[in-house]
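Asks: prediction below, plus the sequence it came from.
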Amino acid sequence: MSLFARLANPWIALQRPYQPGRPIEEVARELGLGDVAGIVKLASNENSLGPSPKAQEAMRHAIPQMHLYPDGGSFYLRQAIAKKHGISDDMVMLGCGCNEHAVLLAHAFMGPGDELVASERSFVVYKLVSSLYRCKTVEVPMKGMTHDLEAMRKAIAPQTKLVVVGNPNNPTGTMVGQADVDRFVEQVPANVVTVFDDAYMELLDPKDQVDTVKHVKAAKKPVVVLRTFSKAYGLAGLRVGYALAQPDAIDLLNKVRQPFNVNAMAQAAAVAALDDDAHLEATRQMLRAGRRQLMDGMRKLGLEPVESVTNFILVPFQKAAGLTAALTKRKVIIRPMAGFGLPEHVRVSVGTAKENAQFLNALSEALIELQ
């Protein structure tokens, strides 16, 4: 054991760090390529259309002010988000992506011996964060690949502080509907904070979205809704997300967040992105077509992907690690799911039509290689 490991808090020394999708540059180095040309990354559920033109222009305009600290309260972005959701700006808190909010929620509401309830096949960060604060994560079995909200409610115990519902869920790509969500909020005890991770919600057509924000507005139960600019708005590289909650909850979260946690470039781009409905609709159109392209293509190759509502598809495959390696050799990056407790699955993000076609061609070759 190293010197620092002996000095560290023992629960930190044993912590397994989150493993993100591999960056294109890393794969280029592995393959001995001089640049990243021709490599397709379908591993991290990013928006292949990229940032909106308005967001790009806002970033260019912000560059001359990069010697100044950002607005620590993200005033203009909070106002824009509040207007979008029909709430007051004291019900909005910005963060460095939803991951930071996961840490802040645990920091504010959880302590040693407390419990967090989540589905067994949900975003792994919540389990990692729970262990950082010496808490237990109660992982509830799903109904197939969908949250079993009734079982999650029954798993709530006196020591439960948070219950987290990713909707749509990462990594399964499935979603629970409005009636089930409303019933769940009504039945969760008032001494438990219900967190809805809506990171992928805005990728759906508005008519298909589940309204969780109404439970924040109602203020009948302690509900927090998380959203991000990484997915629908194509700003993953800037790391900006937000929490919606009643003002007293926002006050508590602000007490534990770091100052200047959202940089000036991110704030400028996010404000502009909210004003570009055309780009958001183009993203949804690309997603609908691309998801069908991938689902049909994989089925023709004999695979049985999980039906998804969002910008990624979970695919059962017994030799998941081998498939990931075989595709990497062919300049296609996907995500193995062992870290999510699904060692015989991979996850494929939806890209442009060209990217999807490159993946399907590589997949056809890889499946032959793995026979």
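Replies: Thanks, I have the structure now.

Asks: residues in contact with the longest helix anywhere in the chain?
Replies: Longest helix in the chain by number of residues, with DSSP state H as the criterion: helix 277-300. Helix 277-300 has contacts (Cβ atoms under 8 Å, 6 or more residues apart in numbering) with 47-49, 52-54, 202-205, 232-234, 273, 305, 307-308, 310-311, 313, 315, 348, 350-353, 356-357, 359-360, 363. For the C-beta atoms, the positions are set from N, CA and C on the backbone; glycine is no exception.

Asks: in stretch 196-213, what's buried?
Replies: For stretch 196-213, the neighbour count (16 or more other Cβ atoms under 10 Å) marks 196-204, 209-210, 212-213 as buried.

Asks: got the end-to-end distance for that stretch?
Replies: For stretch 196-213, the first and last residues are 9 Å from each other (Cα to Cα, to the nearest Å).

Asks: rounded mean pLDDT for that stretch, please.
Replies: If you average the pLDDT over stretch 196-213, you get 98.

Asks: please state the offset of that stretch from the chain centre?
Replies: 13 Å (Cα atoms, centre = their mean, to the nearest Å).

Asks: so the residue most central in space within the chain versus H215, what's the distance?
Replies: Among the residues of the chain, the one closest to the centroid is A199, at 5.0 Å (Cα atoms, centre = their mean). Applying Cβ to Cβ, to the nearest Å, the value for A199 to H215 is 17 Å.

Asks: can you put the buried residues of stretch 196-213 in CSV and add secondary structure?
Replies: Listed next are those as CSV, based on DSSP: H, G, I helix; E, B strand; the rest coil:
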residue, secondary structure
F196, strand
D197, strand
D198, coil
A199, coil
Y200, coil
M201, helix
E202, helix
L203, helix
L204, coil
Q209, coil
V210, coil
T212, coil
V213, helix
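
Asks: now the residues you listed as a markdown table including distance to G95?
Replies: As requested, those are exported to a markdown table (distance: Cβ to Cβ, whole Å):
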| residue | distance to G95 |
| --- | --- |
| F196 | 15 |
| D197 | 12 |
| D198 | 14 |
| A199 | 12 |
| Y200 | 17 |
| M201 | 17 |
| E202 | 17 |
| L203 | 20 |
| L204 | 22 |
| Q209 | 22 |
| V210 | 22 |
| T212 | 17 |
| V213 | 17 |
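
Asks: most widely separated two among the residues you listed?
Replies: Maximum pairwise distance among these (Cβ to Cβ): 16.3 Å, between L203 and V213.

Asks: on the pLDDT front, check M1 for me.
Replies: 68.

Asks: I'd assumed V223 was in contact with D198.
Replies: No - between D198 and V223 there is no contact under Cβ atoms under 8 Å: 11.5 Å.

Asks: between those two, what contacts are shared?
Replies: Applying Cβ under 8 Å, 6+ apart, one finds that D198 and V223 are jointly contacted by T212.

Asks: what residues does P141 make contact with?
Replies: Contacts of P141 (Cβ under 8 Å, 6+ apart): 119-120, 148, 151.

Asks: closest one to L244 out of those residues, please.
Replies: For those, the nearest to L244 is S119 (21.6 Å; Cβ to Cβ).

Asks: and the closest one, how far from N170?
Replies: Counting by Cβ to Cβ, the gap from S119 to N170 is 11 Å.

Asks: quick one: which of these two has more around it?
Replies: S119 (25 against 22; other Cβ atoms under 10 Å).

Asks: show me what counts as buried in the helix or strand of the chain with the lowest mean pLDDT.
Replies: Using mean pLDDT, DSSP states H and E, helix 10-13 stands out as the lowest-scoring helix or strand of the chain, at a mean of 84. For helix 10-13, the buried set under the neighbour-count rule, 16+ other Cβ under 10 Å, is empty.

Asks: buried set for the following helix or strand past it?
Replies: Using DSSP states H and E, the helix or strand that follows helix 10-13 in sequence is helix 24-30. Across helix 24-30, burial judged by 16+ other Cβ under 10 Å covers 24, 27-28.

Asks: ok, now stretch 233-251?
Replies: 233-236, 238-246, 249-250.

Asks: do me a favour and get the end-to-end distance for that stretch?
Replies: End-to-end for stretch 233-251, by Cα to Cα: 27 Å.

Asks: shaky segments in the stretch 251-371 of the chain?
Replies: Nowhere does the stretch 251-371 of the chain drop to pLDDT under 70.

Asks: can you give me the strands in it?
Replies: For the stretch 251-371 of the chain, applying DSSP state E, counting those that start in this stretch gives strands covering 312-316, 332-333, 335-336, 345-349.

Asks: before we move on, what about the stretch 1-150 of the chain?
Replies: So, for the stretch 1-150 of the chain - with DSSP E, counting those that start in this stretch - the strands run 40-41, 92-95, 115-119, 136-140.

Asks: thanks again, I'm all set now.
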